[in-house]
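K.L.:
make a model of this:
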Amino acid sequence: MTSTAGPMDRRSVAFPGGAALEGDDGVWVLTDSLGGALAVHRRIGRPGPLHVVAERDAGLLARRASQFATPPTVWWVAGTTLERVEPEPLPAPPPLPPGVAAYADVLAAAGADPVVEHGRLVGEVLGLEVARVVVEDGTPHLEVGVGRFDREAHALLSMDEPTEARLHAVVELVRRYRRLDAEPHPLQRLALARWLRARLLAEPRLVGADHLAPLAPTVEAPDLRTPWPAPATGIDVDGGPLVVVASVGIDLDLVPAAADARLADGRDARLVLAVPPQDAHPVTLALAAALAQPAEVVTVDRG
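P.N.:
Below is the predicted model of the structure:
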């Protein structure tokens, strides 16, 4: 569908990181953040429709927009016209390469939690990746370290030390500093949402769950420093399907990402957003309530 509307009277609206216009035909926002567009539309308070003009990932935004009770319309810039975008389907989870799954026992024996996401097997300690199984020339092997650069450093500086011994050392280091009562350390500032998720996996009753397991986000985090929602799937204390999404900090895209995680879970589950008390922002509460199937916001400390 192509927009053919003629010129209309619109006025600019302040919107950091993008551009927004308000007019008789609704609010138009140029952004790649669906949550940001929903937030500015809520702030303006105009009852008309919301139009999101995306420069990338338009199909993803359209799929997430479809989860709201009043879905925004997502558009793509095509030359001098706008084309309406339909929701793109969820990507199929890639399988683990042959031979990779066997390393789960190695990770668990060292005290790391085996986690499968986006076709990879990693080992996590309190939500922080400490090892990853890498396949080169069809042969899997275990790389130890927090993030890619740390894994490369370990490979260069500790090549004569057994991999299992290096893994044990990193696991112990992370456990020593990945505590709120520990002295300040960079390990405390990485993958904070996954740290909170790790607590929920260990104590599911904090969010009314009987059991929880890691669930891959539909979009992979770019690195360990970027705030990124951490989903989990399970059942609640009444035996019903439950998806819990942990987040730390004010993230305008938490609700759209969480709705996408529930969609990927595929069980039409009850959705709970778990955030620290200081992050239960009114905008998050409002967007959670605006979903076609509203989400509940529960406050939980990282412990």
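K.L.:
which stretch of helix or strand covers residue 287?
P.N.:
For residue 287, the host element (DSSP states H and E) is helix 282-289.
K.L.:
list the buried ones in that helix?
P.N.:
Residues of helix 282-289 classed as buried by neighbour count (16 or more other Cβ atoms under 10 Å): 283, 284, 287, 288. (Glycine included, C-beta is placed from N, CA and C.)
K.L.:
how far does that helix sit from its chain's centre?
P.N.:
17 Å (Cα atoms, centre = their mean, to the nearest Å).
K.L.:
got the CA coordinates for the helix or strand that that helix is followed by in PDB?
P.N.:
Using DSSP H and E, the next helix or strand after helix 282-289 towards the C-terminus is strand 296-299. The C-alpha trace of strand 296-299 is given here as PDB (Å, rounded to 0.1, in the frame of the first residue of the first chain):
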ATOM      1  CA  GLU A 296       1.900  -7.100  34.300                       C
ATOM      2  CA  VAL A 297       4.900  -5.100  35.700                       C
ATOM      3  CA  VAL A 298       6.500  -6.700  38.800                       C
ATOM      4  CA  THR A 299       9.400  -5.000  40.700                       C
END
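K.L.:
quick one: strands adjacent to strand 296-299?
P.N.:
strand 270-275 (parallel) (DSSP bridges).
K.L.:
now do the strands in the stretch 101-250 of the chain.
P.N.:
Listed in chain order, the strands of the stretch 101-250 of the chain (DSSP state E, counting those that start in this stretch) span 113-117, 120-125, 128-136, 139-144, 209-214, 230-236, 241-246.
K.L.:
could I get those as JSON lines with mean neighbour count and mean pLDDT?
P.N.:
What follows is the strands of the stretch 101-250 of the chain, written out as JSON lines (neighbours: other Cβ atoms under 10 Å; pLDDT from 0 to 100):
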{"stretch": "strand 113-117", "mean neighbour count": "18", "mean pLDDT": "97"}
{"stretch": "strand 120-125", "mean neighbour count": "22", "mean pLDDT": "97"}
{"stretch": "strand 128-136", "mean neighbour count": "21", "mean pLDDT": "95"}
{"stretch": "strand 139-144", "mean neighbour count": "18", "mean pLDDT": "94"}
{"stretch": "strand 209-214", "mean neighbour count": "17", "mean pLDDT": "98"}
{"stretch": "strand 230-236", "mean neighbour count": "22", "mean pLDDT": "98"}
{"stretch": "strand 241-246", "mean neighbour count": "27", "mean pLDDT": "98"}
